[in-house]
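Asker: have a look; sequence and predicted model below, questions after that.
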There are 4 protein chains.
Amino acid sequence: MVWSGRCGRVDNPLDHVGPAGHEVGVAVIGAGYWGPNLIRNFLGCDATWLWTVCDRDADRARRVVGRYTSIRVTDDFEEVLHDPRIEAVAIATPTSTHHELALRALAAGKHVLIEKPLAPSVREAEEIVQAADQANRVVMCDHTFCYTPAVEHIRKELDAGALGTIQYVDSVRINLGIVQPDTNVFWDLLPHDLSIFDSVFPGGFKPSAVSAVGVDPIGAGHACVGYVTMVMPDDAIVHVHVSWLSPVKMRTVVFGGSRRHIIWDDTDPAQRISVYERGIDIARLRDSDDQRARMVQYRTGDMYAPALAETEALQRVVREFARSIRTGEAPLTDGRSGLRVVSVLEAVEQSIRNHGVLTPLHDHASIS
Amino acid sequence: MVWSGRCGRVDNPLDHVGPAGHEVGVAVIGAGYWGPNLIRNFLGCDATWLWTVCDRDADRARRVVGRYTSIRVTDDFEEVLHDPRIEAVAIATPTSTHHELALRALAAGKHVLIEKPLAPSVREAEEIVQAADQANRVVMCDHTFCYTPAVEHIRKELDAGALGTIQYVDSVRINLGIVQPDTNVFWDLLPHDLSIFDSVFPGGFKPSAVSAVGVDPIGAGHACVGYVTMVMPDDAIVHVHVSWLSPVKMRTVVFGGSRRHIIWDDTDPAQRISVYERGIDIARLRDSDDQRARMVQYRTGDMYAPALAETEALQRVVREFARSIRTGEAPLTDGRSGLRVVSVLEAVEQSIRNHGVLTPLHDHASIS
Amino acid sequence: MVWSGRCGRVDNPLDHVGPAGHEVGVAVIGAGYWGPNLIRNFLGCDATWLWTVCDRDADRARRVVGRYTSIRVTDDFEEVLHDPRIEAVAIATPTSTHHELALRALAAGKHVLIEKPLAPSVREAEEIVQAADQANRVVMCDHTFCYTPAVEHIRKELDAGALGTIQYVDSVRINLGIVQPDTNVFWDLLPHDLSIFDSVFPGGFKPSAVSAVGVDPIGAGHACVGYVTMVMPDDAIVHVHVSWLSPVKMRTVVFGGSRRHIIWDDTDPAQRISVYERGIDIARLRDSDDQRARMVQYRTGDMYAPALAETEALQRVVREFARSIRTGEAPLTDGRSGLRVVSVLEAVEQSIRNHGVLTPLHDHASIS
Amino acid sequence: MVWSGRCGRVDNPLDHVGPAGHEVGVAVIGAGYWGPNLIRNFLGCDATWLWTVCDRDADRARRVVGRYTSIRVTDDFEEVLHDPRIEAVAIATPTSTHHELALRALAAGKHVLIEKPLAPSVREAEEIVQAADQANRVVMCDHTFCYTPAVEHIRKELDAGALGTIQYVDSVRINLGIVQPDTNVFWDLLPHDLSIFDSVFPGGFKPSAVSAVGVDPIGAGHACVGYVTMVMPDDAIVHVHVSWLSPVKMRTVVFGGSRRHIIWDDTDPAQRISVYERGIDIARLRDSDDQRARMVQYRTGDMYAPALAETEALQRVVREFARSIRTGEAPLTDGRSGLRVVSVLEAVEQSIRNHGVLTPLHDHASIS
């Protein structure tokens, strides 16, 4: 039996430290809330090699990479930019810093993966997209949900027209979360919905107007509970409820079509996606009065729940990033999708300031 | 053993037909969707005696009372009004007829129980309330949900101030329902929420403004999916989502307070009411930057689910009606509560016509 | 408008009392727990006419039929037997009385519907079946669950061989119930499972041996919690867990086949039946040792949930009874199915007395 | 702004490789299914330092530790035993190897953490416990579930006597799992339940007899579905259902006591633990017959769901291991608890071989 044999060979741990050569060399910028997830997924990806983690607080970065690692830690972004082994950076810092960091990285010839939302304003998002175009570098948004098997399935159904015409979409994204000090619940949670919609609506998500109300019941200084209504060019309505204050966690998105409904319940790992056939019954009122109209009864038809793989979406994000860099093809969630998301967020902000007034969205024809 | 004995006595079925004498004599007007439920509950109530069922379509009424009954059927409302044994009528006809039928019944000295909503306009609702006042008769709204053990429990908690300040209320009332020919989803479903709110908010439900949007994705001629946002005088927000088109049935109302949350899930008979303690954690960002604000994390505390009786609410409605008639005390859901419900509905209607604009509600000081 | 018109016609309620003529005349015997449900369903069925309700306690029967009815009440079973208008009786009395009442009814030429279980012993059940054969009358068991849309669907899938070979069945039937004074939890709840199995297994449910253990944790004098394991001739195993003491209600039956699984969750009205495809993966252990066997991973495939009607099963029971009487065809749940159920119950009883020993079941070739 | 500054300091990644000095030096043996979880948790624990991962297949170990690590990999167990920096080993190899590896590690003066079950036979488990006693070293079982907040809560309630007398326990542990080549479903899944029971029953879990049946519907060569009934000295019954073939995952354990029930649903992260008060109603049958006994109705009372932390249990396992080594106090899940678990497993095996016969358990007085 092997366990008792002496045939063993001792490994020098440093022998196997280092990339094989074909990997995309990367650095992660920001080791706060999301950075550690990016780091873990770069570590587990054989298409990338993570050289450096950079954070203003080097101790925080050090805690994140741990005590057993060969990864370099720095608090100097310039050092990252000058490291020729680093081809690409993943930016997971506060939104307010995205614009500056991305432009500097692009100027240094790096490809850029940026945490959602892309930027705090349409203007800044546009400049990032344009800079990437000019530098001929990849700019990709980390719209993680778009890489889940659930969203992939929804996209496939919508692409195939399986739902008929989309009539309404209703999303509830609520839980007891961290009340952020410097951003409201819309900027925190709504990008998830907007990026999902952008990835599944054929041609991207382009509402014509939005209306939003927010509530700050706990005196946080900005909205902690919010409702957004978005009107589509064909009059379909998309509604999103976001909240940091719900004792019950809900992650449910309903896509209502003329032929089928999809319900995505992301809190139910055993049945995330349910596709409902729709039945129609026409019932006559039992009524002597002929003038009374017929009643239409829609009823639930059979339901189908596809088996979905349970893969980590963020692993697919980092692979898509590497693939895009190596092939030159635009990633699924490119800068333009990030820009569309920011466009809606800006209009939401405007509607809130105007007490919920319906606010039209402008086209960004120049760069789209 | 009795089964084999011959000690039996044959009953003449007609021997036991007839009231004992103390009962409130009633008639049910309308044998359509809701009437049969009222009839069944009057039959099972020992405080009332049901003499007559009246419907424009006598055959329909006859089918409802069945072939074994002693109950009289008529299509003549006048006959009901002239029957001295009938002290009270329960009106379960289309909303558009409530005003006329109620006024005629009150004029004939009858007490009146009226299906929700009380009337299709504030003006008509006011006239019903005033007529009842002048005739010194009971006018009660059949706000059935207010008599469920779940709503009773919520009312008790709110009365005791157990939630602290109410910060927001969120209701989802959606399912695949009958698309009504002559009324939109707001007038069909929203009265449930409004009457519930009116019965649990201490002092009644009196929002200062409402905003509403509706969607008609199936070409029904009026809204089948709708969202209503109501602003309270203290800036709390009440939001209701109603739909006839959801393949999944939801009946969830969340009351978010400064100290506790109540979640009422009416589709879960095993745990309709959950009361959540709220915990607060103050977390410092691990950040070298002192200017960054502290983060507040609300977290779920312990939860408590009271055991609730499973009694039929409508049985308690008819008993409350009888009690109010015999004692002269106003019923829990009196005409004024019905009027408050109609006031909000009228404002909702107005907001929809004006593309969701925030619409203020007027006081009805004259009669409240 | 009709409501205000005077065109009405007053109905004499007695005018419409009485059968049309084609109905099967019936009496319900026993107005305790289940009788009222039978009564309600006979009243709502146009293929039967209910003449009489008979109970040892005439006052109880009178309370059940109510104060508005034309139905006769008696405590004299003989009177029922001599009434020529009564062609059939539905027996909803304690199990110990089934044998005597059924034999007397059959002797008087009546058809018989009997509450489950058919009788307290195989011998008595056999005599009922034989008596019905000799009298050429219908004897039907009220195995209500067999008439639900869910069981109908399962039967159809099994008949079509959609599951492949049935490998195991697992049923959990637990809740907080009434601790019966004179019967244990097996005789109270297990008949549901056995009758369901008998109706969906092609050819009826015929285990070759059973083993059972019961627990009486509250000193009721007999088992309140029990487990039954049944071995099928092809070595498949059927397991049932019954309990009166569970704070959570569960009504779940799993049919595990070689190709598909069916899960029936009767507490979920929105999705009672789920049919799972089964996937198989063969995984090699990542192991240098060639001798290690391959691992088989079964995984969940797609799932399909058929839309089911929400009809009352008991209404279909009374219609099936009437149909069988009028056509002479055996009902779905005939006396022989009731006898098979009692055979298993008797073996369960024997196993419990012998501390759970595996107890073989005998064939009832004489009458099957 | 810091990001643009040049104040950064470059870290040599090797600078921070190495323990602080107080840590318990450990090696993980086995890098198959469970080893990676142990490795991850030792890496995240500041009370231990992981020096080496040892596996017969060094490549597998290398894949597990990854390409960025300072951890040594070897396929030579002797090298581990001779490394003086390694004070303790965590054994996550197949059960058949536990006895040999543990005895050799103890003989080399190492403390030992062993994956469940402790050994494949009572004799081997006893020898491990005795060897640890003689060597004065810690032997701890990795009964991970015992360190979850849910089990901690149950233990606290049982210790406080909050449930009254335990009357029955019912566990369902089923899902679609990997069909193991060399072990049946009992040895794979039942140790979870047995170790949990051992940790929450005051004094440890000591049934007096067990009965078990297993089914192999897919021709795996051993049981894939099984039922175990265990009789306690006070006649309480503990029942466990294990399966690798269920399309639905269930992880539910019910503790039924004379005063309260606890339901632990481990698949519901929002409400894992529910504690039900029990109510009792005594109902008189509405019956003229005085001899009929009174009926007892147990009903659900209020329910309480404690807020539980969501901490990783395995992190607490490795901390408990380090604590026990440093303090000399026995760990919560010591070798004797592992031995008790194996004792029941051996009796289960015996009962299965004897077609489910009730098999008594012997005391292990010599070492307990």
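Answerer: Yep, that arrived.

Asker: can you list the residues of the stretch 251-368 of chain A near chain D?
Answerer: Neighbours of chain D within the stretch 251-368 of chain A, by CB under 8 Å from any CB of the partner chain: residue A:270. Where you see a C-beta, it was placed from the backbone N, CA and C, and this is true even at glycine.

Asker: so for the longest helix seen in chain A, what gets flagged as buried?
Answerer: Identified as the longest helix of chain A according to DSSP state H is helix A:335-353. Neighbour-count burial for helix A:335-353, with 16 or more other CB atoms under 10 Å in any protein chain shown as criterion, is recorded at A:335-349, A:351-352.

Asker: what do you get for stretch A:352-365?
Answerer: Buried, per 16+ other CB under 10 Å, within stretch A:352-365: A:352, A:356, A:357, A:358, A:359, A:361, A:364.

Asker: about what we covered before: what's the longest helix of chain A packed up against?
Answerer: helix A:122-135, strand A:139-142, helix A:185-200, strand A:209-215, strand A:225-231, strand A:359-360 (3 or more CB pairs under 8 Å, 6 or more residues apart in numbering or on different chains; DSSP states H and E).

Asker: just say which of the ones you listed is most tucked in.
Answerer: strand A:139-142 (a mean of 28; mean count of other CB atoms under 10 Å in any protein chain shown).

Asker: remind me what that strand packs against, helices and strands.
Answerer: strand A:111-115, helix A:122-135, helix A:313-327, helix A:335-353.

Asker: show me chain A divided up by domain.
Answerer: A:16-142, A:146-311+A:335-360 (automatic domain parsing).

Asker: the stretch 51-200 of chain A against chain B: which residues are in contact?
Answerer: So far as CB under 8 Å from any CB goes, the stretch 51-200 of chain A lies against chain B at A:56-57, A:60, A:165, A:167-168, A:170, A:172, A:176-182.

Asker: just checking, next helix/strand downstream of the longest strand along chain A?
Answerer: Under DSSP state E, the strand in chain A containing the largest number of residues is strand A:245-257. Sequence-wise, the next helix or strand downstream of strand A:245-257 (DSSP states H and E) is strand A:260-265.

Asker: do that following strand and chain B meet?
Answerer: Yes. Using CB under 8 Å from any CB, strand A:260-265 reaches chain B at A:261, A:263.

Asker: that strand pairs with which strands, parallel or anti?
Answerer: Here strand A:260-265 has these sheet partners by DSSP bridges: strand A:245-257 (antiparallel), strand A:273-283 (antiparallel).

Asker: now those as TSV including distance to residue D:270, mean neighbour count and mean pLDDT?
Answerer: Below are the strands paired with strand A:260-265 laid out as TSV (distance: least, CB to CB, whole Å; neighbours: other CB atoms under 10 Å in any protein chain shown; pLDDT from 0 to 100):
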stretch	distance to residue D:270	mean neighbour count	mean pLDDT
strand A:245-257	6	22	92
strand A:273-283	20	16	76
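
Asker: how distant is the longest strand of chain A from the center of its chain?
Answerer: 16 Å (CA atoms, centre = their mean, to the nearest Å).

Asker: residues contacting the one helix or strand residue A:52 maps to, please?
Answerer: Using DSSP H and E, the element containing residue A:52 is strand A:48-54. Residues outside strand A:48-54 that contact it (CB atoms under 8 Å, 6 or more residues apart in numbering or on different chains): A:19, A:23-31, A:35, A:39, A:42-43, A:61, A:64-65, A:71-77, A:79-80, A:83, A:85-86, A:318, A:321-322, D:68.

Asker: just checking, what packs against the next helix or strand after it?
Answerer: Where DSSP H and E defines the elements, the next helix or strand beyond strand A:48-54 is helix A:58-65. The contact analysis (3+ CB pairs under 8 Å, 6+ apart) places helix A:58-65 against helix A:35-43, strand A:48-54, strand A:72-74.

Asker: among these, which is the most enclosed?
Answerer: It is strand A:48-54: most buried of the helices and strands packed on helix A:58-65 by mean count of other CB under 10 Å, with a mean of 26.

Asker: report the angle between the strand holding residue A:52 and helix A:313-327.
Answerer: 110 degrees (axes from the mean of the first three to the mean of the last three CA atoms, to 10 degrees).

Asker: report the contact partners of the spatially most central residue of chain A.
Answerer: Closest to where the C-alpha atoms of chain A average out (CA atoms, centre = their mean) is residue A:143, at 2.4 Å. Shown in contact with residue A:143 (CB under 8 Å, 6+ apart): A:116, A:191, A:195, A:196, A:198, A:199, A:333, A:337, A:338, A:341.

Asker: and if we set it to 6 Å?
Answerer: Residues counted as contacts of residue A:143 (CB atoms under 6 Å, 6 or more residues apart in numbering or on different chains) are A:116, A:195, A:333.

Asker: and the closest residue to it other than its chain neighbours, what does it touch?
Answerer: Nearest residue to residue A:143, sequence neighbours excluded (CB to CB, 6 or more residues apart in numbering or on different chains): residue A:195, at 3.6 Å. Residue A:195 makes contact with A:143, A:146, A:341 under the criterion CB under 6 Å, 6+ apart.

Asker: kindly report the same for residue A:341.
Answerer: A:117, A:191, A:194, A:195.

Asker: just to revisit the earlier point, right, and the strands paired with strand A:260-265 - which one's nearest residue C:261?
Answerer: strand A:273-283 (17.7 Å; CB to CB).

Asker: sweet, I'm off.
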